[in-house]
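[1] just coords:
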């Protein structure tokens, strides 16, 4: 047996060393990591490791250089920290996040100089590099005109987040033909919509949902989230039903969230007929365990902790709210999941955290955080992390003997 590993083995090891969980995951809903999906800290940490490994030898440097710029912010391209030519090779592209720069040319420039500059760089890149891109994840949008080239360039596109309600118009040419005579109709086999599996919409309720997301255009879509912002009421249930009629049967995950808090409207149980294959769900409406049909594959219910009146220090009110929005029943042994970590929740609202934990514990139900950990598992993790720290030295006092 050889004492040296082959080139192929070393490449596998290096790939593992620079892998980025969650942030470059193309199934964030499946891994229950939606709350951490926009946090790029781990990516930059791994990048530092990759740059260190590149200094080991020339072969490693050559191999690892091909993983440059897996994640690109358009802000960095605008400020020339990343070359525009790197965009076609990026795995994840963020169209909106700012680096916190305060330059006079763009960031503090007149009018919309910053956003106009980023959109200009984006559209120029799409026209200049007119061949298939590697991008799998896109965060943000610049509107239909500037996003529509993705339907022929982003053939590996699997995740789109922070998208407007009418995002599907980017791909309309696939089915109905494009209005642009220079951009002919595309077949589904070469469409950027073909492999899209995860979609997260951020929308204003003043813009009603319309049935633009259909199975024939998005055959691989399985994970759908809708986040309604700046609203006094959630979308009407019938509006959601009309929307899901065209895509609901193929969904495995459906999350619908708004910032209103508790909304005392009973759930229309016909929703389950529109979501016959959903295994994980989040809803803002009041529902009871009997609403879920027998034999339905539902396994996990996502709950948004801060949608509850946690600021009211009253355990009776908390448990009443929990009983409405987290129905527990012997015939429905579901897993309930928080949309945040225990670390965050315990730090912000200790009493409310304990109330939530007691509610599920008393009803023999499983409650996990965004990492998939129960409170007991989280406490064990914290204890282990504490004891892994360097041993502290204590000075003896005069009373220690």
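    Nice, I can see it. Computed from a predicted model, the values in this text were never measured in an experiment.

[2] if I pick residue 63, what's in contact with it?
    The neighbours of residue 63, taking C-beta atoms under 8 Å, 6 or more residues apart in numbering as the test, are 11, 14. C-beta: built from backbone N, CA, C; applies to glycine.

[3] Quickly find the element holding it.
    helix 58-65 (DSSP states H and E).

[4] can you give me how far that helix is from the chain middle?
    31 Å (C-alpha atoms, centre = their mean, to the nearest Å).

[5] buried set for it?
    For helix 58-65, burial by neighbour count (16 or more other C-beta atoms under 10 Å) applies to 60, 63-64.

[6] what do you get for stretch 104-118?
    Within stretch 104-118, the residues that count as buried by 16+ other C-beta under 10 Å are 106-107, 114, 117-118.

[7] how about JSON lines for those, with pLDDT added?
    As requested, the buried residues of stretch 104-118 are exported to JSON lines (pLDDT from 0 to 100):
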{"residue": "106", "pLDDT": "79"}
{"residue": "107", "pLDDT": "80"}
{"residue": "114", "pLDDT": "86"}
{"residue": "117", "pLDDT": "89"}
{"residue": "118", "pLDDT": "90"}
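
[8] Relative to residue 285, how far out is residue 84?
    The spacing between residue 84 and residue 285, counted by C-beta to C-beta, to the nearest Å, is 46 Å.

[9] Quick one: the helices in the stretch 101-250 of the chain, in order.
    For the stretch 101-250 of the chain, applying DSSP state H, counting those that start in this stretch gives helices covering 113-128, 144-147, 150-153, 173-176, 237-244.

[10] which pair in the buried residues of stretch 104-118 spans the largest distance?
    107 and 118 (10.8 Å; C-beta to C-beta).

[11] In JSON lines: the buried residues of helix 58-65, plus distance to residue 138.
    Output for those, formatted as JSON lines (distance: C-beta to C-beta, whole Å):
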{"residue": "60", "distance to residue 138": "30"}
{"residue": "63", "distance to residue 138": "27"}
{"residue": "64", "distance to residue 138": "25"}
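
[12] which one of the buried residues of stretch 104-118 sits closest to residue 294?
    Using C-beta to C-beta, the shortest approach to residue 294 within the buried residues of stretch 104-118 belongs to residue 118, at 51.4 Å.

[13] What's the separation between residue 255 and residue 386?
    Going from residue 255 to residue 386 by C-beta to C-beta gives 34 Å.

[14] Mind checking which of those two has more residues around it?
    The neighbour comparison of residue 255 against residue 386 (other C-beta atoms under 10 Å) goes to residue 255, with 19 against 8.

[15] For that one, which three-state class applies?
    Using DSSP: H, G, I helix; E, B strand; the rest coil, the structure places residue 255 in strand.

[16] Beta-bridge partners for it, please?
    Beta bridges link residue 255 to residue 225, residue 282, judged by DSSP bridges.

[17] any idea how far it is from residue 333?
    21 Å.

[18] next one: residue 304
    On the measure of C-beta to C-beta, residue 304 and residue 333 end up 22 Å apart.

[19] For those two, indicate the residue with more neighbours.
    residue 304 (18 against 11).

[20] correct me, but the more buried one touches residue 257?
    Yes - between residue 304 and residue 257 there is a contact at 5.9 Å, judged by C-beta atoms under 8 Å.

[21] quick one, what contacts the closest residue in space to residue 38 that isn't next to it in sequence?
    Here the nearest residue to residue 38 in space, its sequence neighbours aside, is residue 139; by C-beta to C-beta, 6 or more residues apart in numbering that works out to 6.8 Å. Counting by C-beta under 8 Å, 6+ apart, residue 139 touches 38, 92-97, 161-162.
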